[in-house]
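Asker: Okay, here's the prediction I keep looking at, along with the sequence it came from:
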Amino acid sequence: MDKKTTLEMIAAISNANGTSGFEDEVVAAALPYTEGLGEVNVDHMRNLYIRRKENTGRHPVVQLDAHSDEVGFMVQAICPDGTLHIIQLGGWVNHNIPAHKVWVLNKFGEYIPGLTASKPPHFMTEQERKAPLEMKDIKVDIGAVSREETVEKFGIRIGAPVVPDVTFTYSETTDLMVGKSFDCRLGCAAILQTMHTLAGEKLDVDIVGACAAQEEVGVRGATVTAQVINPDIAIVFEGCPADDTCVEPYMIQTAIKRGPMLRHIDARMITNPRYQRYALDLAEELGIPVQDAVRSAGSTNGAAIHLTSKAVPVIVIGIPVRYAHTHYGISAYADFDNAVKLACAILRKLDAASIESF
């Protein structure tokens with residue numbers, strides 16, 4: 001796909017509403033871009049599988065992974081004044097939540113607008129002003145004036161998903177993308193772009209792409225996809241938190257515009273060091289800019305995939321995202337493009353012998 005089409009794909013997938021457990025709209029947005037790639041299936045969890053049509057069944061299997069869900073919320077209760085009490089789906093910092101537009105799915109299948117709200121400062125005591133914000137103090141206001149109106153007119157039910165209301169933009173001048181759910185809709189787009197780039201090429205591996213559900217609540221979708229695909233090796237695409245605005249310069253390992261990030265470790269996976277070095281050396285050989293990082297926290301779907309069956313070698317190709325797990329993210333298209341270039345280079349070179357060497 002050319003850059004214009006790729007950006008249209010990223011926009012469609014990014015803009016789709018789909019917090020954990022409610023990924024239907026994301027799958028629907030991705031499906032048009034699977035055309036011509038091969039066999040496509042969606043399971044009951046809304047994991048999306050794309051089996052490359054050039055697969056032979058005689059080569060080692062590579063799983064290309066990314067997750068389709070985004071951090072969001074769920075309606076836990078409807079208050080007497082018509083506002084919505086919510087819980088988090090995925091990890092948020094409480095003080096980032098209020099004063100943003102959101103969408104709430106109603107019983108008619110429509111996403112209706114709302115605002116995340118907390119008590120205005122005009123009505124706070126001095127003690128309340130100084131206290132940390134708690135989730136119980138954050139509501140979603142859809143403009144209703146009573147519980148009855150929320151239920152009957154707006155059609156809101158307990159268990160309804162709530163997602164940020166953000167529209168993707170791209171600037172050719174700065175090469176920057178701004179939008180929501182780059183963690184990990186950029187990864188879903190990278191799977192599709194990688195498979196389109198390699199379409200028709202003869203490889204020594206078979207490829208199955210999988211956009212997994214429910215990563216943000218414990219890598220649940222990938223626990224399933226890895227069992228279904230039973231890969232010999234995997235590449236996990238991730239929208240990884242950029243650190244270039246929040247750490248000392250010598251600690252920066254995930255800056256935007258410096259290429260994708262390959263992590264040596266996180267809280268739930270020590271990356272296979274032989275596969276990691278293979279990828280880093282290949283990037284250097286081909287002049288693809290990359291960053292390598294040592295993460296003391298966080299995790300990816302690699303946590304589930306690398307523990308599957310026969311101990312699967314996994315690398316994470318992370319596309320840096322400033323302000324991940326908030327309503328808005330900032331990423332560079334060049335980082336996305338280089339992530340795809342690296343994945344394609346690896347897939348063109350992998351064979352049974354190299355996989356065995358890991």
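Answerer: Noted; the coordinates are in hand.
Asker: ok now do residue 24, which residues does it touch?
Answerer: 18, 46 (Cβ atoms under 8 Å, 6 or more residues apart in numbering). Yep, even glycine has a C-beta here, placed from its N, CA and C like the rest.
Asker: Recalculate using a threshold of 10 Å.
Answerer: Neighbouring residues of residue 24 by Cβ atoms under 10 Å, 6 or more residues apart in numbering: 16, 17, 18, 42, 46, 68, 105, 213.
Asker: Count the neighbours of the closest residue to the last one other than its chain neighbours for me.
Answerer: Put plainly, it is residue 213. Spatial nearest neighbour of residue 213, excluding adjacent residues (Cβ to Cβ, 6 or more residues apart in numbering): residue 221 at 3.7 Å. Under the neighbour criterion other Cβ atoms under 10 Å, residue 221 is assigned a count of 30.
Asker: taking the mean pLDDT, what do you get for the helix or strand residue 221 falls within?
Answerer: Element membership of residue 221 [criterion: DSSP states H and E] is helix 220-229. If you average the pLDDT over helix 220-229, you get 98.
Asker: what sits against the residue lying closest to residue 243 once chain neighbours are set aside?
Answerer: Excluding the flanking residues, the one nearest residue 243 by Cβ to Cβ, 6+ apart is residue 254, at 4.7 Å. Contact analysis of residue 254 by Cβ under 10 Å, 6+ apart lists 240-244, 247, 260-261, 263, 291-293, 295, 318-322, 324, 335.
Asker: ditto for residue 45
Answerer: 21, 23, 212, 213, 214, 220, 221, 223, 224, 225.
Asker: which among those residues gets closest to residue 341?
Answerer: residue 212 (23.0 Å; Cβ to Cβ).
Asker: Give me the contact list for the helix or strand bottoming out on mean pLDDT in the chain.
Answerer: Between all helices and strands in the chain, the lowest mean by mean pLDDT, DSSP states H and E belongs to helix 126-130, at a mean of 90. Residues outside helix 126-130 that contact it (Cβ under 10 Å, 6+ apart): 118, 119, 121, 124, 137.
Asker: Could you find which two of those residues are furthest from each other?
Answerer: The two members of the contacts of helix 126-130 with the most space between them (Cβ to Cβ) are 121 and 137, at 12.7 Å.
Asker: Send me stretch 310-324 as PDB with only the CA atoms.
Answerer: Only the C-alpha atoms of stretch 310-324 are listed here, as PDB (Å, rounded to 0.1, in the frame of the first residue of the first chain):
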ATOM      1  CA  LYS A 310       7.400 -25.200  22.900                       C
ATOM      2  CA  ALA A 311       8.900 -21.900  24.200                       C
ATOM      3  CA  VAL A 312       8.500 -19.500  21.300                       C
ATOM      4  CA  PRO A 313      11.200 -17.000  20.500                       C
ATOM      5  CA  VAL A 314       9.600 -13.500  20.500                       C
ATOM      6  CA  ILE A 315      10.800 -10.000  19.800                       C
ATOM      7  CA  VAL A 316       8.800  -6.900  20.400                       C
ATOM      8  CA  ILE A 317       9.000  -4.200  17.700                       C
ATOM      9  CA  GLY A 318       7.600  -1.100  19.500                       C
ATOM     10  CA  ILE A 319       6.400   2.000  17.800                       C
ATOM     11  CA  PRO A 320       7.000   4.900  20.200                       C
ATOM     12  CA  VAL A 321       3.800   6.700  21.400                       C
ATOM     13  CA  ARG A 322       3.900   9.800  23.500                       C
ATOM     14  CA  TYR A 323       1.300   9.800  26.300                       C
ATOM     15  CA  ALA A 324       0.100   6.200  25.800                       C
END
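Asker: average model confidence for that stretch?
Answerer: In this model, stretch 310-324 carries a mean pLDDT of 97.
Asker: In this protein, where is pLDDT below threshold?
Answerer: Judged against pLDDT under 70, the chain has no low-scoring part.
Asker: Break the protein down into its domains, please.
Answerer: In the domain annotation for the chain, the residue ranges read 3-70+180-357, 73-164 (automatic domain parsing).
Asker: Comparing those domains, which comes out most buried?
Answerer: Most buried of the domains of the chain, by mean neighbour count (mean count of other Cβ atoms under 10 Å): domain 3-70+180-357, with a mean of 21.
Asker: From one end of that domain to the other, what's the distance?
Answerer: Using Cα to Cα, to the nearest Å, the end-to-end distance of domain 3-70+180-357 comes out at 36 Å.
Asker: Check stretch 40-47 too.
Answerer: Stretch 40-47 has an end-to-end distance of 11 Å (criterion: Cα to Cα).
Asker: what about the strands in the stretch 1-150 of the chain?
Answerer: All strands of the stretch 1-150 of the chain, identified by DSSP state E, counting those that start in this stretch, fall at 38-42, 48-52, 61-67, 72-78, 84-89, 101-105, 111-117, 139-141.
Asker: Could you give the separation of stretch 132-152 from the chain centroid?
Answerer: Put simply, stretch 132-152 sits 28 Å off its chain's centre (Cα atoms, centre = their mean, to the nearest Å).
Asker: could I get that stretch in CSV with only the CA atoms?
Answerer: The C-alpha coordinates for stretch 132-152 follow below in CSV (Å, rounded to 0.1, in the frame of the first residue of the first chain):
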residue,chain,number,x,y,z
PRO,A,132,-5.6,12.8,45.2
LEU,A,133,-8.4,12.1,42.7
GLU,A,134,-10.1,8.8,43.1
MET,A,135,-12.2,6.8,40.6
LYS,A,136,-15.3,7.1,42.7
ASP,A,137,-15.1,10.9,42.2
ILE,A,138,-15.0,10.6,38.4
LYS,A,139,-18.3,10.3,36.4
VAL,A,140,-19.4,10.4,32.8
ASP,A,141,-22.0,13.1,32.1
ILE,A,142,-24.1,12.5,29.0
GLY,A,143,-26.4,15.5,29.8
ALA,A,144,-29.2,13.5,31.4
VAL,A,145,-31.0,15.0,34.4
SER,A,146,-32.1,11.7,36.1
ARG,A,147,-31.4,8.0,36.2
GLU,A,148,-34.7,7.4,34.4
GLU,A,149,-33.8,9.7,31.5
THR,A,150,-30.3,8.0,31.2
VAL,A,151,-31.9,4.6,31.0
GLU,A,152,-35.1,5.3,29.0
